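Engineer: Sequence isn't available, so here's the structure alone:
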């Protein structure tokens with residue numbers, strides 16, 4: 001069972017928590033957020049370990065993976081630190097803010113340990129990226145793709 005820490009329990013963190021409830025191989029182990037009230041909400045619901053500091057949380061050897069649900073401009077540094085600490089990373093979109101940051105991750109890290117959330121999956125450029133990634137096996141063997149839309153937009 002993989003132990004997961006959700007980093008950022010604002011708008012999207014609770015969505016990740018709910019999704020993790022249905023994953024048999026994962027357990028919500030910890031919450032990391034600078035907002036004490038958000039940590040309290042998560043702790044009450046899931047009985048998790050609390051962290052108010054990202055770097056301190058990364059020192060917890062029980063954590064296998066982090067779900068980064070923070071503002072976009074924080075993602076790049078958090079991804080690097082998490083990978084350096086030996087964690088797997090699920091990161092909300094956009095994974096990084098600049099093409100150079102993405103290239104730095106490809107050049108310096110095992111990208112098979114980074115799992116970006118991709119929306120706008122019906123856009124041609126996203127379809128082409130997914131197909132190219134799968135064809136080139138750039139991130140290993142593609143095991144599956146899942147897309148869920150829970151609302152309707154006119």
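Structural biologist: Done, it's in. Because the structure is predicted, anything quoted here is derived from the model rather than measured.
Engineer: Stretch 112-126: how far from the chain's middle?
Structural biologist: Centroid displacement of stretch 112-126 relative to its chain, using CA atoms, centre = their mean, to the nearest Å, is 12 Å.
Engineer: residue boundaries of the helices in the protein?
Structural biologist: Secondary structure of the chain (DSSP state H): helices at 13-21, 36-46, 54-58, 75-84, 99-108, 124-136.
Engineer: got the contact list for the closest residue to residue 43 other than its chain neighbours?
Structural biologist: Using CB to CB, 6 or more residues apart in numbering and skipping the chain neighbours, the partner closest in space to residue 43 is residue 50 (5.6 Å). Yep, even glycine has a C-beta here, placed from its N, CA and C like the rest. Applying CB atoms under 8 Å, 6 or more residues apart in numbering to residue 50 gives the contacts 30-32, 39, 42-43.
Engineer: Of the residues you listed, which is the most crowded?
Structural biologist: residue 32 (31 neighbours; other CB atoms under 10 Å).
Engineer: my guess is it meets residue 52, correct?
Structural biologist: Yes: counting by CB atoms under 8 Å, residue 52 is a contact partner of residue 32 at 7.4 Å.
Engineer: how near is residue 141 to residue 106?
Structural biologist: 18 Å (CB to CB, to the nearest Å).
Engineer: who has more neighbours, those two?
Structural biologist: Set side by side, residue 141 and residue 106 show more neighbours around residue 106, with 13 against 7, by other CB under 10 Å.
Engineer: In this protein, which residue is most central in space?
Structural biologist: In the chain, the centroid-proximal residue (CA atoms, centre = their mean) is residue 90; its distance is 2.1 Å.
Engineer: quick one: contacts for that one?
Structural biologist: Residue 90 makes contact with 16, 65-68, 115-117 under the criterion CB under 8 Å, 6+ apart.
Engineer: what would those residues look like in JSON lines with distance to residue 86, pLDDT and neighbour count?
Structural biologist: Shown next, in JSON lines, are these (distance: CB to CB, whole Å; pLDDT from 0 to 100; neighbours: other CB atoms under 10 Å):
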{"residue": "16", "distance to residue 86": "20", "pLDDT": "96", "neighbour count": "21"}
{"residue": "65", "distance to residue 86": "10", "pLDDT": "98", "neighbour count": "19"}
{"residue": "66", "distance to residue 86": "11", "pLDDT": "98", "neighbour count": "27"}
{"residue": "67", "distance to residue 86": "16", "pLDDT": "98", "neighbour count": "27"}
{"residue": "68", "distance to residue 86": "15", "pLDDT": "98", "neighbour count": "27"}
{"residue": "115", "distance to residue 86": "15", "pLDDT": "92", "neighbour count": "15"}
{"residue": "116", "distance to residue 86": "19", "pLDDT": "91", "neighbour count": "18"}
{"residue": "117", "distance to residue 86": "22", "pLDDT": "87", "neighbour count": "16"}
